[in-house]
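1. Let me see the structure of the following:
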Amino acid sequence: MGIIKVFTKKVEEGCYPLAIANSIHFSYSDDGLDFVELNHGYGILFAEAAIREDNTLEERGLINPQIQKRDGDYLVTATLADAEGMPVMPETIVTFTTKDFVHFERQALANEKKAACDSVEIPDSLREGIYERWIPLQAVEVNFPNRIQLSEVEEIVSVKASVEYSDGSCHEKRVMWDMQSLTPLGEDNYEIHGKLQAVHTGFPLAAGFADPVFFQWKGSWYYVATNDNLNDIGIYVRRAETVEGLFAENVEQKCILDYDKERKLCQTFWAPEFHVIGERLYLLFAVSGEVWGPQCHMMRLQEGGDILKQEDWEEPVRVCRADGSDLAGEGITLDMTFFRTNKKAYLCWSYRYGIGTPSDTGSMLCIAEADEAKPWILASNPVLISRPLLGWENVAGTINNEGPYALILGDMLYLAYSGGAATGYTYAVGYLKASMDADLLDVSSWTKEPTAVLASGYVDGIQGPGHNSFFEDEAGNLMIAYHAQEREKYFCRCSAFHRVHISKNGFPLLDVVGNRDVAEEMADVSVTFTLCS
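-> Below is the predicted model:
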């Protein structure tokens, strides 16, 4: 039997605020003596904020968590607390049920008695699932085929290594083979040495650039991002023949949309994204006129046009509803993205009303069906699918659900989005999940992961990772691009990317980075092969 323990944590100023500290944390032990904190020591279960009559949110937390086994399930209970960490009166108990400590169901609020203990025994059969989901995976072994036969030595460049991870999942990696190390072993057998090419880039790639997107188009790579270095005025694009080349010193960078008072293009040129919609290339972005208030826009590349030429882009248009009215009559809209499922095409964006006032609703995620022939006109009414109710989304005065971007894996859609402060250490990425066959305008089709899937502390040396996108690099590796800050040096938003690892059960993990992806001591490899004429 193993043991699961539940607890909350102390506030760490400038690192771990009350909204996250007052959530349910878990640790696991095989022997009851040595416990390992799950999920990088970050909270896993959070309270939901209360929605006031004026549609604003009242922050909530969880304190005094307890756990017990009952009727084949495990019950995790805690006392509902207010934004100052005091019990909400009359005292209310929040209950979650789980069978495996991977999937949790939130029960209705009640005034019932809490569970009595802070730990519970669980069978060893649950250990594998808990470790796969909540303990950072590690590379454990490098494997090659038992027998490699080549017709000529040069074919060795195509031989890859299979790296196995602690959950039993694998990932093929390229090897930089050292041809100078080639050693004859007799009878057409040879040995050669090489070094695994881990898929990570270091940090940062581009200082002062946020909301990064990488896009491949007609044989070239393009990079576009919010340009904090120019106070978010203008949209600038880089082009190169490789992803790495996008960050070379002499990389080509062009402004494709600039300040223009007459066209009401004045400020907050935010979160640009390239998308092919109806076989045409569009740029989706937000922008404000002289009066601050970003709104979703898109512009289309002319047939045969050059992405880097301003004159090859059609006039930007503001996205509107099906009846031609504004996407939001009041408030701001931003961070629009596009994706397709098995049934329909969709637009998803962030909406916020009353920002900076007592009426602030926090930013919320909305979705609508898209008409690929005229994507700037919604094909359905907008539907609200997510609000920043959880403590990691609604934290330290920042109330955010923003930056949606779709990742499709088989029959599952993972809609990544960000919560917390976009310029601070609380920024983090979460998932909304749905079936590819579902009607995404039905709110019940969506399930929200209970906690962040990428946050401060998940990747060594950076804080506040968020507003991400996904892409496949030249080798076919699935990558996540995002912005973050380096704790000791870069106190601006900086672009970065690293590989997404698919777990044994098919879950996209965003924390298998650096030594966890390939430890330095595992990078040097050798293989024996036979030349066959």
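2. Please make it C-alpha for all contacts and neighbour counts, starting now.
-> OK.
3. Name whatever forms a beta bridge with the residue nearest to Ser526 when sequence neighbours are not counted.
-> Nearest non-adjacent residue to Ser526, counting by CA to CA, 6 or more residues apart in numbering: His193, 4.2 Å away. Note on His193: beta-bridge partners by DSSP bridges are Asp178, Ser526.
4. what's the neighbour count on Cys494?
-> Cys494 is flanked by 24 other residues according to other CA atoms under 10 Å.
5. tell me the contacts of it?
-> Phe203, Pro204, Leu205, Ala206, Ala207, Gly208, Phe209, Ala210, His483, Ala484, Gln485 (CA atoms under 8 Å, 6 or more residues apart in numbering).
6. Against Leu509, how distant is Gln485?
-> Distance, Gln485 to Leu509, by CA to CA, to the nearest Å: 20 Å.
7. should've said Trp217
-> 27 Å.
8. Count the residues that sit near Ile4.
-> Count around Ile4 with other CA under 10 Å applied: 22.
9. how about it, what does it touch?
-> Contacts of Ile4 (CA under 8 Å, 6+ apart): Phe26, Ser27, Tyr28, Ser29, Ser119, Val120, Glu121, Ile122.
10. so which strand or helix has Gly354?
-> Here Gly354, judged by DSSP states H and E, is contained in no helix and no strand.
11. can you confirm Pro388 is in a strand?
-> No - counting by DSSP: H, G, I helix; E, B strand; the rest coil, Pro388 is not part of a strand but coil.
12. in the stretch 151-300 of the chain, which spans are strands?
-> Ranges of strands in the stretch 151-300 of the chain, per DSSP state E, counting those that start in this stretch, are 161-165, 170-173, 175-186, 189-196, 206-207, 209-217, 220-227, 235-240, 252-257, 267-277, 280-288, 295-300.
13. and Gln253, how many neighbours does it have?
-> Neighbours of Gln253 (other CA under 10 Å): 16.
14. ok, for it, nearest residue in space, not its chain neighbours?
-> Arg238 (4.3 Å).
15. pLDDT below threshold where in this protein?
-> 111-113, 115, 200-201, 487-488, 490 (pLDDT under 70).
16. go with 50
-> Applying pLDDT under 50 to the chain flags no residue at all.
17. Now do the contacts for the nearest residue to Glu330 once chain neighbours are set aside.
-> Closest residue to Glu330 apart from its sequence neighbours, by CA to CA, 6+ apart: Tyr353 at 6.7 Å. The neighbours of Tyr353, taking CA under 8 Å, 6+ apart as the test, are Glu330, Gly331, Ile332, Ser359, Asp360, Thr361, Gly362, Ser363.
18. Between those, identify the one with the most neighbours.
-> Most surrounded of these: other CA under 10 Å gives Ser363, at 28 neighbours.
19. ok now do the nearest residue to that residue once chain neighbours are set aside, which residues does it touch?
-> Counting by CA to CA, 6+ apart, Ser363 lies nearest to Arg352, which is 4.3 Å off, once chain neighbours are set aside. Counting by CA under 8 Å, 6+ apart, Arg352 touches Gly331, Ile332, Thr333, Asp360, Thr361, Gly362, Ser363, Met364.
20. any chance of those residues in a markdown table, plus secondary structure?
-> Output for the contacts of Arg352, formatted as a markdown table (three-state DSSP):
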| residue | secondary structure |
| --- | --- |
| Gly331 | coil |
| Ile332 | strand |
| Thr333 | strand |
| Asp360 | coil |
| Thr361 | coil |
| Gly362 | coil |
| Ser363 | coil |
| Met364 | strand |
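21. Which members of those residues are the farthest-apart pair?
-> When CA to CA is used, the two most widely separated members of the contacts of Arg352 are Thr333 and Asp360, lying 13.8 Å apart.
22. isn't there a helix covering Thr385?
-> Heads up, residue 385 is Ile, not Thr. No - looking at Ile385 with three-state DSSP, it is strand, so not inside a helix.
23. Number of residues surrounding it?
-> 20.
24. Same check on Asp124?
-> Asp124 has 11 neighbours, counted by other CA under 10 Å.
25. so who does the closest residue to it other than its chain neighbours touch?
-> Among residues not flanking Asp124 along the chain, Met1 sits closest, at 5.3 Å (CA to CA, 6+ apart). When contacts are counted by CA under 8 Å, 6+ apart, Met1 touches Asp30, Asp31, Glu121, Ile122, Pro123, Asp124.
26. do you know how far Met1 is from Arg127?
-> Met1 is 9 Å from Arg127, by CA to CA.
27. Could you do Leu75 as well?
-> 18 Å.
28. When those two are compared, which one has more neighbours?
-> Neighbour totals were compared for Leu75 and Arg127, and Leu75 leads with 21 against 18 (other CA under 10 Å).
29. Now name the helix or strand holding the closest residue to Asp312 other than its chain neighbours.
-> Sequence neighbours aside, Gly305 is the residue nearest to Asp312 in space, at 5.1 Å (criterion: CA to CA, 6+ apart). If you go by DSSP H and E, Gly305 is not part of any helix or strand.
30. Next, give phi and psi for Gly305.
-> With angles defined as degrees, to the nearest 10, Gly305 sits at phi -80, psi 160.
31. can I assume it is in contact with Glu314?
-> No - between Gly305 and Glu314 there is no contact under CA atoms under 8 Å: 10.0 Å.
32. Trp217 and Leu509: who's more crowded?
-> Leu509 (18 against 12).
33. Distance check, that one against Ile44.
-> Here Leu509 is placed at a distance of 15 Å from Ile44 (CA to CA).
34. gap between the two ends of stretch 331-346?
-> End-to-end for stretch 331-346, by CA to CA: 22 Å.
35. To clarify, my last question referred to stretch 333-347.
-> End-to-end distance (CA to CA), stretch 333-347: 12 Å.
36. returning to what we had before: quick one: contacts for the residue nearest to Ser526?
-> With CA under 8 Å, 6+ apart, His193 has these contacts: Trp177, Asp178, Met179, Ser181, Leu182, Asp524, Val525, Ser526, Val527.
37. count of neighbours near the closest residue to Lys309 other than its chain neighbours?
-> For Lys309, ignoring the flanking residues on the chain, the nearest one in space by CA to CA, 6+ apart is Ile256 at 6.2 Å. Per other CA under 10 Å, the neighbour tally for Ile256 reads 16.
38. now Asn250
-> Each residue near Asn250 was counted by other CA under 10 Å, and the total is 8.
39. State the distance from it to Pro204.
-> Look at Asn250 and Pro204: by CA to CA, they are 17 Å apart.
40. Save the contacts of Tyr353 as JSON lines, and put in distance to Ser533 too.
-> Formatted as JSON lines, the contacts of Tyr353 follow (distance: CA to CA, whole Å):
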{"residue": "Glu330", "distance to Ser533": "74"}
{"residue": "Gly331", "distance to Ser533": "71"}
{"residue": "Ile332", "distance to Ser533": "68"}
{"residue": "Ser359", "distance to Ser533": "77"}
{"residue": "Asp360", "distance to Ser533": "73"}
{"residue": "Thr361", "distance to Ser533": "71"}
{"residue": "Gly362", "distance to Ser533": "68"}
{"residue": "Ser363", "distance to Ser533": "65"}
